[in-house]
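Enquirer: What follows is a protein structure lacking sequence information:
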């Protein structure tokens with residue numbers, strides 16, 4: 001049974017709350033999750049029907065890839081915005097229709113897209129300068145989405161507020177996101193490897209591989225997107241709680 005926390009939690013407790021929220025809200029979020037499924041089909045449809053170059057930078061030279069990438073980012077951004085809007089209501093024990101969540105996500109989409117662009121630019125600069133600044137940026141600014149969706153702040157204000165919330169708890173958020181996200185990503189990779197092996201052993205043709213690959217990518221997107229949305233939202237809640245609780249003084 002999920003109940004929103006009102007006191008600071010350990011990383012383990014936060015991840016347990018994330019799983020409870022995910023399980024509690026999964027069925028109600030399915031209509032919104034379909035946006036992420038569309039995004040996955042757009043990107044995987046391109047990658048499965050083209051020969052991918054060895055150098056990732058050469059992808060940008062491929063005809064249609066840039067448009068595909070932009071479409072993928074927009075759809076995923078829209079999906080997360082709508083999911084955070086409805087998840088917040090469900091976490092508080094309140095109801096929100098999917099239609100309303102769709103509308104809220106659409107209204108906030110330009111701001112979210114601009115903030116995501118700024119986030120990616122900051123991340124890229126950090127990675128180019130050195131790996132450590134890139135990792136720092138990815139954690140320090142990771143809460144901008146819920147801030148924009150739930151507090152109505154602008155792109156730059158949302159990124160700045162994320163940095164302020166995470167300040168002093170960087171390692172906590174880093175460990176929470178790594179401990180919560182890494183097992184999911186490893187599970188996805190294992191599933192993709194097993195799928196590839198099964199198709200090879202079954203002697204599936206190109207058409208069969210395409211259809212099966214799209215189905216698997218859709219199922220993965222439907223399963224993991226609400227989880228990551230719940231994880232980021234729980235991290236946001238935790239930082240808000242920690243900012244409202246006075247520091248404990250040593251006796």
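Expert: Alright, I've got the coordinates. Please read all numbers here as calculations on a predicted model, not as lab measurements.
Enquirer: Number of residues surrounding the closest residue to residue 31 other than its chain neighbours?
Expert: The shortest distance from residue 31 to any non-neighbouring residue, by Cβ to Cβ, 6 or more residues apart in numbering, is to residue 98 (4.1 Å). Where C-beta positions appear, they are placed from N, C-alpha and C, glycine not excepted. By the criterion of other Cβ atoms under 10 Å, residue 98 has 15 neighbours.
Enquirer: I'd guessed residue 98 sits against residue 33; true?
Expert: No. In this structure, residue 98 is not within contact of residue 33 by Cβ atoms under 8 Å, at 10.1 Å.
Enquirer: got the contact list for the lowest-mean-pLDDT helix or strand in the chain?
Expert: Sorting the helices and strands of the chain by mean pLDDT, DSSP states H and E puts helix 131-140 at the bottom, at a mean of 86. With Cβ atoms under 8 Å, 6 or more residues apart in numbering as the test, helix 131-140 has contacts from 119, 122-128, 162-163, 166-167, 170, 173-174, 177.
Enquirer: Would you show me how to pick out the buried ones of these in PyMOL?
Expert: Buried residues within the contacts of helix 131-140, by 16 or more other Cβ atoms under 10 Å, are selected in PyMOL with:
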select buried, resi 119+122+123+126+162+163+166+173+174+177
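Enquirer: Out of the contacts of helix 131-140, which comes closest to residue 231?
Expert: Taking Cβ to Cβ as the measure, residue 231 lies nearest residue 177 of those, at 6.8 Å.
Enquirer: so where does the closest one fall, helix or strand?
Expert: Residue 177 belongs to helix 170-201 when elements are defined using DSSP states H and E.
Enquirer: same thing with residue 84?
Expert: Using DSSP H and E, residue 84 sits within helix 65-91.
Enquirer: buried stuff in the helix or strand that comes right after that helix?
Expert: Heading C-terminal from helix 65-91, the first helix or strand you meet, by DSSP H and E, is helix 98-129. Buried residues in helix 98-129, counted by 16+ other Cβ under 10 Å: 101-102, 104-105, 108-109, 111-116, 118-119, 122-123, 126.
Enquirer: repeat for stretch 193-201
Expert: Within stretch 193-201, the residues scored as buried using 16+ other Cβ under 10 Å are 195, 199.
Enquirer: Distance from the chain centre to that stretch, please.
Expert: 27 Å (Cα atoms, centre = their mean, to the nearest Å).
Enquirer: Thanks again, I'm all set now.
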